[in-house]
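> the following block contains a protein sequence and its predicted model.
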Amino acid sequence: MRAAMLAALFWASPAGAQGESDADYDPRSTAWNGLSSLVEIAREEGVRLEAVDVVHFRDLGPRDGLLVVYPLGGVPEGDILRLLKRGGRVAIADDFGSAAPLLAALHVERVESAPATADALHGNPALPIARPRALHALTEGVDALVTNHPAVLRGTSEDPVEPAFDFGAPDRAAVIAGKVELGHVALLSDPSILINNMLEHPGNRAFARNLVRYLGGGGGRVLLAHGEFTSVGTLGGSAAFSPPDLLPEFNSFLRDLASARPPRGVVETLGLLSVLAMLLGIGLTVPLAGHRYDGRWLRPGYRTAAAGFLGKVQIFRGARASYLYPALVLRRDLEVRLVEALGLHPPVTVEAILDALGRRGVDAGSRADLRRLLARLDRLQVRADRGSTPPRVSAGRLAGLAQTAERMLRLAAGMKPDPAKDHITDPARDHIKR
C-alpha cells in the first residue's frame, strides 16, 4: 500500500529505475525506497556515515552516533541507553517496527494509528504533513515534513513532551529530540521520511541534512543500521538513567506563564526563582571561568535596582564568563511574550509575528531588527545543540540582545520606544567567541 501511494504521488528518478535492491530502507539502494540519497547528503556534509549490518557496540565511543531505521529484530535497548549516557548521539526512525520497548524506556509511547490532522499533501490523509513545533537544530530551514502512513509519538511522563515536529498538537509528535544524560536522541515516527523519493520534497531533504549534522555533531562516525541488523559486544556500565530531558529548557514553565496570568508580583518572583535555579544547576555541572556569587541579588531593594532580565543573571558576572545559557532562556522568553503581546496562538512562524507587528504600525526597520535578533538567537541555539564546544556569549553581547528584545516587546505592546533604554552597542564590537 505504501509503495503504491508513493508511486502515485512522487516521480521516480532515473537512478531509482536502476535500483540495486528492492528492499526497503537499503542504504546502498538508489531505488525509490532506498537510502542512497541520505548517504550522499551525509557525504556532502562531511559526516562519516557507515552503513552496517552488524553494530559492534564495544567499538562505539561518546563521539559516535547511531541511526536505526525500521528495525525488525531485537533492538539492544541497554547498549543504546548506555551509549547515550556516555554522550553518544542516537536517532531511531520507526513506525511499525520493533523499537517500541526502546521508546518506552525513553518515556515515549508510539501510537500506531493515523494522526488526526487536516494538513496533508494534496489533501491525501495518507500523507499527513508535520510542522515544526519548537526551534531546534532539526527544524532549521524546515517548514514541513511530508510523511507516509506514519505512527504518532507522545510522552508518557507527567510533563508533556515538547516535540520538534508534530501533527498539530504536542501529543501527536512526528519527531521528538532532546538530551538523555550526556547524549542526544532523535525519535522519528516515520522512517519513510528519509527514503530517496521522499527526499525529493525540499522540507524532507533539509530535515535529512539537519539530522546527519545532528548525529555527526560529536565529531565521530555515525553507523546506519536497518531492518534485521544484529549487534555484538556490549557497552559496560548500567543502562539505568534519569528521565530524559526531551523538553527545551523551561518550555512548560514559560507556557504556564503565558496562559495563567497570575498577579504581577507572583510572576516576577516565580520567574526570578526559576531562572536562578537553572543557572545555579548549570554552575554545579558546567565549568564557567570567572563567575562569582556575590549575593547582592538577595539584598533588600536590589531587585528594583537590577530589574529586568539582565538583573536575573548577575551570578554569571566575571570577565571571562559565558552568558550562553541566559541568552537561550532570553530566546524562549521573547517568543512567548511576543506571541502573548500580539494576541497570537502558538505555534506561529516568524513571518506571522512580523505581519502582526506590521498591522500594529511597527515600521519596516524595526521589523527587520526583530528578524535579525531572532536569527541570531536561533543560530546560538543551533550551535549549542550541534557543537561539542558551545559558543561563548559575552556580557556585552547579552546586553545588546536583551535591549533589542525589550524594545521589540514594547513595540508589540503598542508602547513608544524609550531611547534611554534602547541604546544598543556597536554590533561590530559585540560578537560571539567560541
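Done, it's in.
> pretty sure residue 68 is in a helix, no?
No. Residue 68 is assigned strand when assessed by DSSP: H, G, I helix; E, B strand; the rest coil, not a helix.
> contacts only, for it.
Residue 68 sits next to 75, 90-94, 99, 225-226, 229 when contact means C-beta atoms under 8 Å, 6 or more residues apart in numbering. Quick note: C-beta positions are derived from backbone N, CA and C, even for glycine.
> for the chain, just list every one of the helices.
2-9, 14-17, 36-44, 77-85, 100-105, 202-215, 251-260, 264-285, 302-305, 324-341, 350-359, 364-386, 395-412 (DSSP state H).
> circling back: and the contacts of residue 68, which is closest to residue 84?
residue 90 (5.9 Å; C-beta to C-beta).
> and the closest one, bridged to which residues?
In this entry, residue 90 is beta-bridged to residue 66, residue 185, by DSSP bridges.
> now intersect the contacts of residue 68 with the strands, please.
If you go by DSSP state E, the contacts of residue 68 have 90-93, 225-226 in strands.
> any chance of CSV for these, columns neighbour count and pLDDT?
Listed next are the ones in strands among the contacts of residue 68 as CSV, based on neighbours: other C-beta atoms under 10 Å; pLDDT from 0 to 100:
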residue, neighbour count, pLDDT
90, 23, 96
91, 24, 96
92, 26, 97
93, 24, 97
225, 21, 95
226, 25, 94
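> tell me the one of these nearest residue 400?
For the ones in strands among the contacts of residue 68, the nearest to residue 400 is residue 91 (35.8 Å; C-beta to C-beta).
> I'd assumed residue 67 was in contact with that closest one.
Yes. Assessed by C-beta atoms under 8 Å, residue 91 is found in contact with residue 67 at 4.8 Å.
> any shared contact partners between these two?
211, 215.
> export the contacts of residue 68 to a markdown table and tack on distance to residue 390?
Listed next are those as a markdown table, based on distance: C-beta to C-beta, whole Å:
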| residue | distance to residue 390 |
| --- | --- |
| 75 | 31 |
| 90 | 21 |
| 91 | 21 |
| 92 | 26 |
| 93 | 27 |
| 94 | 31 |
| 99 | 30 |
| 225 | 30 |
| 226 | 33 |
| 229 | 34 |
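> pick the one among the residues you listed closest to residue 136.
Closest to residue 136, out of all of the contacts of residue 68 and judged by C-beta to C-beta, is residue 91, at 13.2 Å.
> burial check on the residue nearest to that closest one when sequence neighbours are not counted, number of neighbours?
Leaving aside its sequence neighbours, residue 91 sits nearest to residue 186 (C-beta to C-beta, 6 or more residues apart in numbering; 4.2 Å). Around residue 186 there are 23 other residues, counting by other C-beta atoms under 10 Å.
> can you read off the pLDDT for residue 186?
In this model, residue 186 is scored at 95, pLDDT.
> now swap in residue 333 and tell me
On pLDDT, residue 333 comes in at 78.
> how much space separates residue 323 from residue 179?
The spacing between residue 323 and residue 179, counted by C-beta to C-beta, to the nearest Å, is 20 Å.
> so for the two, which residue has more residues nearby?
Between residue 323 and residue 179, counted using other C-beta under 10 Å, residue 323 has the larger neighbour count: 23 against 15.
> quick check: which ranges of the chain have low pLDDT?
Within the chain, the stretches with pLDDT under 70 are 1-22, 118, 158-162, 236-321, 346-347, 385-389, 415-434.
> tell me how it divides into domains.
Following automatic domain parsing, the chain resolves into domains at 2-232, 251-433.
> out of these, which one sits most buried?
Most buried of those, by mean neighbour count (mean count of other C-beta atoms under 10 Å): domain 2-232, with a mean of 20.
> can you give me the strands for the stretch 101-250 of the chain?
Per DSSP state E, counting those that start in this stretch, the stretch 101-250 of the chain carries strands over the ranges 108-111, 129-132, 145-146, 152-155, 165-166, 173-180, 183-188, 222-227, 230-232.
> okay if I get those strands as CSV plus distance to residue 402?
Shown next, in CSV, are these (distance: least, C-beta to C-beta, whole Å):
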stretch, distance to residue 402
strand 108-111, 35
strand 129-132, 25
strand 145-146, 33
strand 152-155, 32
strand 165-166, 30
strand 173-180, 25
strand 183-188, 28
strand 222-227, 37
strand 230-232, 48
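> looking at these, which is nearest to residue 413?
Comparing the strands of the stretch 101-250 of the chain by their distance to residue 413 (C-beta to C-beta), the top pick is strand 129-132, with 26.2 Å.
> helices or strands up against that closest one?
Other elements packing on strand 129-132 under the criterion 3 or more C-beta pairs under 8 Å, 6 or more residues apart in numbering; DSSP states H and E are strand 145-146, strand 165-166.
> adjacent strands (with direction) for it?
Looking at strand 129-132 with DSSP bridges, its partner strands are strand 145-146 (antiparallel), strand 165-166 (antiparallel).
> so which of these gets nearest residue 110?
Checking these against residue 110 by C-beta to C-beta gives strand 165-166 as the closest, at 14.0 Å.
> the residue nearest to residue 91 touches residue 212, doesn't it?
No. Counting by C-beta under 8 Å, residue 186 stays clear of residue 212, with 10.9 Å between them.
> please name the nearest non-neighbouring residue to residue 152.
Closest residue in space to residue 152, ignoring its immediate chain neighbours: residue 111 at 4.3 Å, by C-beta to C-beta, 6+ apart.
> got the contact list for the one you found?
Taking C-beta under 8 Å, 6+ apart, one finds 151-154 in contact with residue 111.
> give me that answer again for 7 Å
The contact partners of residue 111, by C-beta atoms under 7 Å, 6 or more residues apart in numbering, come to 151-152, 154.
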